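K.L.:
Predicted model follows, preceded by the sequence.
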Amino acid sequence: MRSLAGLATILDPRTYLHALRVLHYYNYTHVQPLRRVRRGPGTRIAPNVSIGNPERLTIGARVHIGARCSLWAGPRTGRIVIADGCVLGPDVFVTAANYRFEDDAHVFDQGFREADVVIGERAWLGARVIVLPGATIGKRAVIGAGSVVTSAIPDDAVAVGAPARVVRTIARSGTAT
């Protein structure tokens, strides 16, 4: 019985159609956009990262972008700049555009609010961090897992929460203050 069911699956054309759809999606969200991203040497980007508007995305040298991250620059002006040595954990979402909110309009009719996102050198974003338009993250800053960055985080800061708030600073000598 099992072998007949397996044979039916292998012969079903929908199986191959689904495989083509998956391949197309991967090419559309990763391979094709990745070719248009300005990136420095030694950068590692997981194979399942989703990239939107890659012409407005700049990634520095020795950056590591973890599994299932989404980097969505704005459709018109919003840029994302990730400086050298940054680490983005899994499922990080960075966007330089967000829908506006107007009471009487449908969400798709409201347009976008776009603002650049800048992530400073050697910043570290933990798993599932969300970075919204206009946010800046300073050099060597650490953003705790699950945090939502909506504004400026200074250099050498540790920030957590939704919205992210600085909870301490990292002393340059390596000890916390």
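P.N.:
Perfect, I can see it now.
K.L.:
all helices for this structure, in order.
P.N.:
With DSSP state H as the criterion, the chain has helices at 2-11, 13-26, 32-34.
K.L.:
Lowest average pLDDT across those?
P.N.:
Per-stretch averages of pLDDT across these put helix 2-11 at the bottom, with a mean of 68.
K.L.:
List the contacts of the residue lying closest to G126 once chain neighbours are set aside.
P.N.:
Using CB to CB, 6 or more residues apart in numbering and skipping residues adjacent in sequence, the residue nearest G126 is A145, 3.6 Å away. C-beta: built from backbone N, CA, C; applies to glycine. Applying CB atoms under 8 Å, 6 or more residues apart in numbering, we find A145 in contact with G89, G126, A127, R128, V129.
K.L.:
Let's see that with 10 Å instead.
P.N.:
G89, P90, D91, V92, L125, G126, A127, R128, V129, V160 (CB atoms under 10 Å, 6 or more residues apart in numbering).
K.L.:
try T136
P.N.:
Contacts here follow CB under 10 Å, 6+ apart; on that basis T136 touches 81, 115-120, 123, 149, 151-154.
K.L.:
Go again with 8 Å.
P.N.:
T136 neighbours (CB under 8 Å, 6+ apart): V117, V118, I119, G120, S151, A152, I153.
K.L.:
for A61, same thing?
P.N.:
Contacts for A61 were tallied using CB under 8 Å, 6+ apart; they are G40, P41, G42, T43, D84, G85.
K.L.:
for G146, same thing?
P.N.:
Contacts for G146 were tallied using CB under 8 Å, 6+ apart; they are G126, A127, R128, V129, A162.
K.L.:
which non-adjacent residue is nearest the last one?
P.N.:
Spelled out, that is A162. The shortest distance from A162 to any residue other than its chain neighbours is 4.1 Å, reached at V148 (CB to CB, 6+ apart).
K.L.:
Any idea what that neighbour is bridged to?
P.N.:
In this structure, V148 has beta-bridge partners I130, where bridges are defined by DSSP bridges.
K.L.:
What number of residues are in the vicinity of it?
P.N.:
Here the number of neighbours of V148 (other CB atoms under 10 Å) works out to 16.
K.L.:
go on, D84?
P.N.:
D84 has 17 neighbouring residues, counting by other CB under 10 Å.
K.L.:
how far away is it from V166?
P.N.:
Between D84 and V166 the distance, using CB to CB, to the nearest Å, works out to 23 Å.
K.L.:
same deal with D155?
P.N.:
The separation that D155 has from V166, given CB to CB, amounts to 11 Å.
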